[in-house]
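Asker: Here's my sequence, what's the structure:
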Amino acid sequence: MSTSPPADTPTDDTPIERPTFRRPWWMHIAVVLAFLIVAANVVAFLYARSLPKSWTATATVEIEAPIETVFGKLGDVTSWPEWIAWNQDRDPTIIFTFVDDKGTSYHSEEELPPSVELNTLRWMARGFGNGEITLTERNPPNEVRYSWIVQGRAFTDGGSITLSESENGTQVTWTDGGQLNDTMSRIFGNVLRDGVKSDFETSLQKLKQSLEKN
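Answerer: Residues are numbered from 1 along each chain as shown. The predicted structure is shown next:
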């Protein structure tokens, strides 16, 4: 005589219920954040591709002084700390040195031997960092060209200060620029350009005051 299993006893054909896996709430947030980060990077990349790949800053001032006098000031690197924007007025920690073609450094004009030609102005400062400007060409009385290094790297492609005679004296134009080779530099290219232009304008105004008061 066979016995039947109780009605509530599952047979071998009854499917086994498995627990449903539910992701924790923080995992959903992490996925959304990851998506937003990727999307933001894509948007930034596409936006940067539409921006200029280079920048140029220009400032101009008219100085009531003969062109030869203005050129003499620009061609003498020992005068630059008097009128450039990044000097002790804005960063009291800055220390300037003057360097000749042989690499010899001088900390003041009093140390200079007779007839030495200085082409490089070098500085060290907590705020502005370390840098140097080297006069690469002097074309009297119309142009001075230079290279600009900051923290051991070329800051610009090389700039120029040009002079032309004007009705009231001399018109001075300072121009510089550089390349924007990556996404972040292109996005902040306008900030860089405006900052450099502001420093050029401040410098030229100080140069004007220095020459016109004499």
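
Asker: So for the residue most central in space within the chain, what's the nearest residue that isn't a sequence neighbour?
Answerer: In the chain, the C-alpha nearest the mean C-alpha coordinate belongs to residue 192, at 5.2 Å (C-alpha atoms, centre = their mean). In this structure, residue 192 finds its nearest non-sequential neighbour in residue 55, 6.0 Å apart by C-beta to C-beta, 6 or more residues apart in numbering. No exception for glycine: its C-beta is placed from N, CA and C like everyone else's.

Asker: Tell me, how many residues neighbour that neighbour?
Answerer: 24 (other C-beta atoms under 10 Å).

Asker: same thing with residue 101?
Answerer: That count, for residue 101 with other C-beta under 10 Å as the rule, works out to 11.

Asker: residues in contact with it?
Answerer: 117, 119 (C-beta atoms under 8 Å, 6 or more residues apart in numbering).

Asker: So what does it look like in phi/psi?
Answerer: Per-residue torsions, residue 101: phi -70, psi -20 (degrees, to the nearest 10).

Asker: go on, the one 10 residues further on?
Answerer: Summarising the backbone geometry of residue 111 under the convention degrees, to the nearest 10, its torsions are phi -80, psi -10.

Asker: Now do it against residue 97, distance only.
Answerer: Using C-beta to C-beta, to the nearest Å, one gets 10 Å for the distance from residue 111 to residue 97.

Asker: And those two? Which one has more around it.
Answerer: residue 97 (17 against 12).

Asker: List the neighbouring strands of whichever strand or helix holds the more buried one plus their orientation.
Answerer: Secondary structure assigned from DSSP states H and E places residue 97 in strand 95-100. Here strand 95-100 has these sheet partners by DSSP bridges: strand 105-106 (antiparallel), strand 118-124 (antiparallel).

Asker: one step back: am I right that the residue nearest to residue 192 is in contact with residue 180?
Answerer: Yes: Residue 55 lies in contact with residue 180 (C-beta atoms under 8 Å); the separation is 6.2 Å.

Asker: residues shared between the contacts of the two?
Answerer: Common neighbours of residue 55 and residue 180 (C-beta under 8 Å, 6+ apart) are residue 189.

Asker: Buried residues in stretch 189-204, which are they?
Answerer: 189, 192, 193, 196, 197, 199, 200, 201, 202, 203, 204 (16 or more other C-beta atoms under 10 Å).

Asker: Out of these, the closest to residue 213 would be?
Answerer: Ranked by distance to residue 213 (C-beta to C-beta), the buried residues of stretch 189-204 are led by residue 204 at 15.0 Å.

Asker: hang on, the closest one in a strand?
Answerer: No: counting by DSSP: H, G, I helix; E, B strand; the rest coil, residue 204 falls outside a strand, being helix.

Asker: That one: what's its closest spatial neighbour, skipping adjacent residues?
Answerer: Per C-beta to C-beta, 6+ apart, closest to residue 204 is residue 61, 4.0 Å.

Asker: Over to residue 158?
Answerer: residue 147 (5.1 Å).

Asker: Appreciated, that's everything.
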